[in-house]
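Here is a sequence with its predicted model. Questions after.
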Amino acid sequence: MFKEAISKSTIDMKTKLPLGYKSAGIHCGIKKSRKDLALIVSDYPATAAGVFTLNKVQAAPVLLSKRHLKECENFYAIIVNSGNANACTGERGYEDAEKMTKHTADIIGVKKEQVLVASTGVIGEPLPMEKILNGINTIKFHLADGDVKDAAEAIMTTDTFYKAESSTFIIDGKEVTISGIAKGSGMIHPNMATMLGFITTDAAIEKELLKQILKNSVDKTFNRIVVDGDTSTNDMVLVLSNAASGVVITQGSDSQKTFEAELYQLLKKLAIGIVRDGEGATKLIEVIVEGAISDQDAVKAARTIALSPLVKTAIHGEDANWGRIIAAVGYSGIEFDPAKFEIFINSIQILQKNYIVTLPNAVANQTLKGTNIQLKVKLNAGNGSANCWTCDFSEDYVKINGSYRS
C-alpha cells in the first residue's frame, strides 16, 4: 500500500483523523476552481458499513459501493468527487465509477473491490474521466495523516462551509477516535438526502455490528433533518473501522454503549451543520414533539412540522402562526386530540390546551427573533417523543436552486 504522508505541525482536534488513516482533497478540474476530489485511506484493513438513499433512481457510485460492501470483508479507501453526480448516466456511468475504484486501488496497492466510491453534483452529465484519473494520480502525493479538513472541503457542492467533527474518548483504558465529514445543503429529507457522510474510527468492530451501530445512529441524526423534502440519487454514509487503536467493540458490551453514544453525538453535530447550512437558511430550527402515543408517531409529527413550507416560511418571517403547526400535525397521519395541543417557542408557551392563546401576536412573534429556534409541541396523548432539525425557507432558496451548476 501507498504509505507516504505529508506531516502536519498542528492538528485541528475538530478534524483529527483516527490512527492509521490519511486523507486529501484537491482540485482536479470538475469545478472551475474549488476542490472537487477527496480520498480517505486506511493503512490497515478496515471493516465497513453503509446506508444509502431510498430513491429508486440510484447513481452509479451508490450501486457500485453497495456491491463492494456485499462482496468484500476488508476495505482500504473511499474516493469521492464533487461537481458531478454520475447519476442517470447508464452503463458508461457505472463503468466510470469502476474506473475510479480501480485507479484508486492501483495507486495504493489494493484490490478495486476494497475501494468505495461516491459522487455528488449535477445529475445526468458524464464524468470528465481524464480529469478525475489524472486527479487520482496527483492526490496520492497530498495524502496526510493529522486531519481531514481538505477532504471535507473537496466534497462540498452548494455548501457554504465544510462539515467535519472528531471525538477522542477512552474505552478499556485506551484512546479511541471517531472522525467524520459530511456535505449537504439542499435536497435534504429523512431516509437520506443530497448528503454524503464518511466516518472513520480506529476501533475494531465486526461488520454486522458496525452496520447495526451505523444504522441506529443515522436514524436518529441524518434521518432526522429536513431542508426541503427532496431525497436525492447519490446519498450515502460510509464508515470504516480499522482496529488501529487495539480497542475491540463487542455486541452488547459497555464498550458498544460508549462507542455508540460518541458516534451519535458526532453525527448529530454533522447533521445539524447540514441544516444550519441549508440553502438560503437564516434560522436553525429544532422541532420537539412530546406526549405522542408512540415514539414512531412523534417522529412522524416532528418530520411533518419540519417539512411544512408554511411553518418554515412563517418562522422565516418571524410570525408565530400556531395554526400552521397544528395543521401540519393534523395531516401527519397520527392520532391525537387537537384540544390537548400545547406549543412552546424557545421555552415560552404560546398555546395552551383548548386553543387558549397565551400571548398577543406581537409578543409571540418576538420569540422567533434570533437564529436558533426551538419549537416544542406537547400532544398529551402518551409517552412518545422525538426531535428533528430543519431550517427556514427564504427567497434565497429559490435563487440558489434556479441557477445552480457546480
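On my side now, so go ahead.

Would you enumerate the residues in contact with Pro45?
By CB atoms under 8 Å, 6 or more residues apart in numbering, the residues touching Pro45 are 74-76, 114, 242. (Each C-beta comes from the backbone N, C-alpha and C, glycine too.)

go with 6 Å
Pro45 is in contact with Asn74, counting by CB atoms under 6 Å, 6 or more residues apart in numbering.

what about it, helix or strand, and which?
strand 37-52 (DSSP states H and E).

neighbouring strands for that strand, and are they parallel or not?
Paired neighbours of strand 37-52 in the sheet (DSSP bridges): strand 21-26 (antiparallel), strand 75-84 (antiparallel), strand 236-241 (antiparallel).

Tell me how many other residues surround Gly252.
Neighbours of Gly252 under the rule other CB atoms under 10 Å: 8.

any idea whether it is helix, strand or coil?
coil (DSSP: H, G, I helix; E, B strand; the rest coil).

For the nearest residue to Phe393 once chain neighbours are set aside, grab the count of nearby residues.
Beyond its immediate neighbours in the sequence, the residue positioned closest to Phe393 (CB to CB, 6 or more residues apart in numbering) is Lys312, lying 4.2 Å away. The tally of other residues near Lys312 (other CB under 10 Å) stands at 26.

For Lys312, report the pLDDT, please.
What the model reports for Lys312 is a pLDDT of 92.

Asp392 is in contact with that one, correct?
Yes. At 5.2 Å, Lys312 counts as touching Asp392 under the criterion of CB atoms under 6 Å.

one step back: mean pLDDT, distance to Gly278 and mean neighbour count for the strands paired with strand 37-52 - can I get that in JSON lines?
Putting the strands paired with strand 37-52 into JSON lines (pLDDT from 0 to 100; distance: least, CB to CB, whole Å; neighbours: other CB atoms under 10 Å) gives the following:
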{"stretch": "strand 21-26", "mean pLDDT": "98", "distance to Gly278": "23", "mean neighbour count": "25"}
{"stretch": "strand 75-84", "mean pLDDT": "97", "distance to Gly278": "18", "mean neighbour count": "27"}
{"stretch": "strand 236-241", "mean pLDDT": "96", "distance to Gly278": "18", "mean neighbour count": "27"}
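
Now these in JSON lines, please, with extra columns for distance to Glu286.
Formatted as JSON lines, those follow (distance: least, CB to CB, whole Å):
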{"stretch": "strand 21-26", "distance to Glu286": "31"}
{"stretch": "strand 75-84", "distance to Glu286": "28"}
{"stretch": "strand 236-241", "distance to Glu286": "21"}
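
At which residues are the helices of the protein located?
Shown for the chain, the helices assigned by DSSP state H span residues 60-71, 90-108, 129-139, 149-154, 207-219, 254-276, 295-307, 309-316, 322-330, 361-365, 395-403.

Pick the most deeply packed of those helices.
Ranked by mean neighbour count, the helices of the chain are led by helix 149-154 with a mean of 25 (mean count of other CB atoms under 10 Å).

Quick check: mean pLDDT of that one?
On average, helix 149-154 scores 97.

Can you spell out which helices and strands pack onto that helix?
On a contact count with 3 or more CB pairs under 6 Å, 6 or more residues apart in numbering; DSSP states H and E, helix 149-154 meets strand 21-26, strand 37-52.

so can I have JSON lines of these showing distance to Asn383?
JSON lines is the format used below for the helices and strands packed on helix 149-154 (distance: least, CB to CB, whole Å):
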{"stretch": "strand 21-26", "distance to Asn383": "42"}
{"stretch": "strand 37-52", "distance to Asn383": "28"}
